[in-house]
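Enquirer: The following comprises the amino acid sequence and a computationally predicted model.
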Amino acid sequence: MTSTEDLRGKVADALRRSRERSTTLTESVDDDELVRQHSKLMSPLVWDLAHIGNQEELWLVRDVGGREPVREDIDHLYDAFQHARADRPALPLLSPAETRGYVREVREKVLDVLERVPLEGARLVDQGFAFGMIVQHEQQHDETMLATHQLRVGAPVLHAPDPAPATRPARREVLVPAGEFTMGTSTEPWALDNERPAFRRQVDAFFIDTVPVSNGDYLAFIDAGGYDDERWWSAEGWTFRKQANLVAPRFWKRDGDGWVRTRFGVVERIPVDEPVVHVSFHEAAAYAKWAGRRLPTEAEWEKAARFDPATGRSRRYPWGDEDPGPEHANLGQRHLRPAPVGSYPAGESALGVRQLIGDVWEWCDSGFEAYPGFAAFPYREYSEVFFGGDYKMLRGGSFGTDKAAVRGTFRNWDHPIRRQIFAGFRCARDVLPDEAR
Ligand code: AVJ
Ligand code: FE
């Protein structure tokens with residue numbers, strides 16, 4: 001049982017951590033780079049920062065706090081549904097200095113609201129939910145801003161130590177036994193609406209790889225002519241592959257016989273032991289088919305991550321119920337790259353699967369659908385309006401995801417052609433008749 005004071009401290013700490021990160025991502029470039037659009041796929045960084053403040057104002061100052069609006073006049077500029085990313089640079093946005101002042105003013109009011117509001121009772125505030133939602137929102141946009149940094153051109157401005165080398169687990173794949181498991185959650189206090197409620201889900205037996213697909217694995221697909229062989233691609237994937245002229249993951253460039261890539265402004269040779277990243281769903285699915293395998297479904301991914309065969313329970317995280325520590329997973333922009341495959345043995349799932357949380361988001365072969373009993377909360381535009389759209393699921397978070405914004409039940413989604421996000425994948429396969437027990 002956490003006391004209310006502990007909970008207030010936890011909320012304040014999470015708010016502080018997300019703001020430190022937003023500050024790093026926006027203070028590391030000059031004002032000209034803040035207002036510029038680095039890619040049509042992304043907002044100017046200054047838009048993300050003001051949007052972070054505006055969502056915080058809407059939910060915590062006005063709704064939870066019942067206070068007067070700070071800047072009602074700018075709501076429409078920072079409503080993601082009113083203006084597409086490509087159109088945002090042309091809006092009369094707040095300047096970088098005005099934006100910094102705005103988010104600071106909102107945050108001061110929020111810390112005052114946090115002192116006074118009861119963190120129990122009404123569902124919006126119970127266990128600090130609305131604060132947790134806003135922390136996750138800021139961290140999600142911080143990851144988006146990190147992707148904008150990866151797209152920007154120029155000398156490196158972000159720096160972090162590299163992760164340590166790793167040893168692969170003895171087994172390449174593990175069997176996940178057939179049967180029901182508990183998917184989703186009804187108890188995780190800051191779980192968002194689409195992760196709820198918990199329900200029992202039947203999953204047939206399958207094999208899943210103990211580690212994500214590496215650059216070395218993926219190079220074999222490239223070298224085997226995988227990008228030129230229609231057999232490995234879905235019809236939709238092949239159309240995309242041709243139209244976008246794909247030949248390798250995003251940010252890779254030919255260098256003589258091999259490849260190099262640019263990562264946050266640094267050119268490097270391709271590290272073969274790192275999980276492949278910046279591939280679309282279609283490339284992931286093509287690789288898997290070439291390898292005689294397939295992508296896991298979302299239910300398979302979650303069962304491999306959470307199911308403990310010894311107890312029959314589903315864990316909060318692969319390693320158990322404790323919050324992520326640096327020994328469990330590569331999260332929170334501690335490193336500016338995924339860790340080598342086989343890293344984080346302490347983060348292994350009960351079934352022996354590694355790196356499910358952190359490193360790279362993992363594409364799953366499932367669309368975005370509501371769980372049985374879903375209820376939109378507190379707003380339809382977080383999840384519900386995206387159900388049934390042209391999306392594929394992403395699970396587990398990346399090196400650029402904060403621990404506050406990912407867990408075993410967390411669901412992310414994006415269009416199957418997206419490549420600027422920190423997404424990779426792992427393979428799964430059916431159980432062959434002669435392997436059945
Ligand atoms: C859940 C990561 C797909 O960033 O587009 C941010 C989260 N929703 N602001 C996104 C979100 C509203 C969303 N994803
Ligand atoms: Fe947002």
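Expert: Here it is on my side, so go on. Numbering: from 1, shown residues only. Ligands and ions are numbered 1, 2, ... in the order given.

Enquirer: Contacts only, for N412.
Expert: 361, 393-395, 397 (CB atoms under 8 Å, 6 or more residues apart in numbering). Backbone N, C-alpha and C define where each C-beta goes, glycine included.

Enquirer: The residues you listed: which two are farthest apart?
Expert: The distance between the two most remote of the contacts of N412 (CB to CB) is 12.8 Å, for M393 and G397.

Enquirer: Mind checking which of the two has more residues around it?
Expert: More neighbours surround G397 than the other of M393 and G397, with 29 against 25 (other CB atoms under 10 Å).

Enquirer: Which residues are in contact with the residue nearest to that one when sequence neighbours are not counted?
Expert: Among residues not flanking G397 along the chain, V406 sits closest, at 3.4 Å (CB to CB, 6 or more residues apart in numbering). V406 sits next to 324, 331, 357-358, 396-397 when contact means CB under 8 Å, 6+ apart.

Enquirer: Can you pick out the most distant pair from these?
Expert: P324 and G396 (11.3 Å).

Enquirer: Need the residues touching each of these two.
Expert: 357-358, 406.

Enquirer: For K303, state which of the contacts of N412 is nearest.
Expert: R395 (11.3 Å).

Enquirer: Ends of stretch 30-38, what's the gap?
Expert: Taking CA to CA, to the nearest Å, stretch 30-38 runs 13 Å from one end to the other.

Enquirer: Sorry, slip of the keys, the one I care about is stretch 284-304.
Expert: 19 Å.

Enquirer: Tell me the buried residues in that stretch?
Expert: 284-291, 293-304 (16 or more other CB atoms under 10 Å).

Enquirer: cool, stretch 168-183 as well?
Expert: 169, 173-174, 176, 181-183.

Enquirer: Now do that stretch: everything it contacts.
Expert: By CB under 8 Å, 6+ apart, stretch 168-183 touches 198-211, 299-300, 302-304, 306-307, 309, 313-314, 341-342, 345, 348, 351-354, 371, 409, 429, 431.

Enquirer: so which of the contacts of N412 would you say is closest to ligand 1?
Expert: L394 (8.3 Å; CB to the nearest ligand atom).

Enquirer: Enumerate every residue touching the closest one.
Expert: 361-364, 412-414, 421, 423.

Enquirer: Where does it sit: helix, strand or coil?
Expert: Secondary structure assignment for L394 (DSSP: H, G, I helix; E, B strand; the rest coil): strand.

Enquirer: Give me the pLDDT value at it.
Expert: In this model, L394 is scored at 99, pLDDT.

Enquirer: average model confidence for stretch 171-186?
Expert: In the prediction, stretch 171-186 has an average pLDDT of 98.

Enquirer: Would you mind measuring the gap between the ends of it?
Expert: Stretch 171-186: ends 34 Å apart by CA to CA.

Enquirer: And stretch 116-128, by the same measure?
Expert: 12 Å.

Enquirer: Which positions in it come out as buried?
Expert: Applying 16+ other CB under 10 Å to stretch 116-128 flags 117, 119, 125, 127-128 as buried.

Enquirer: avg pLDDT for it?
Expert: 96.
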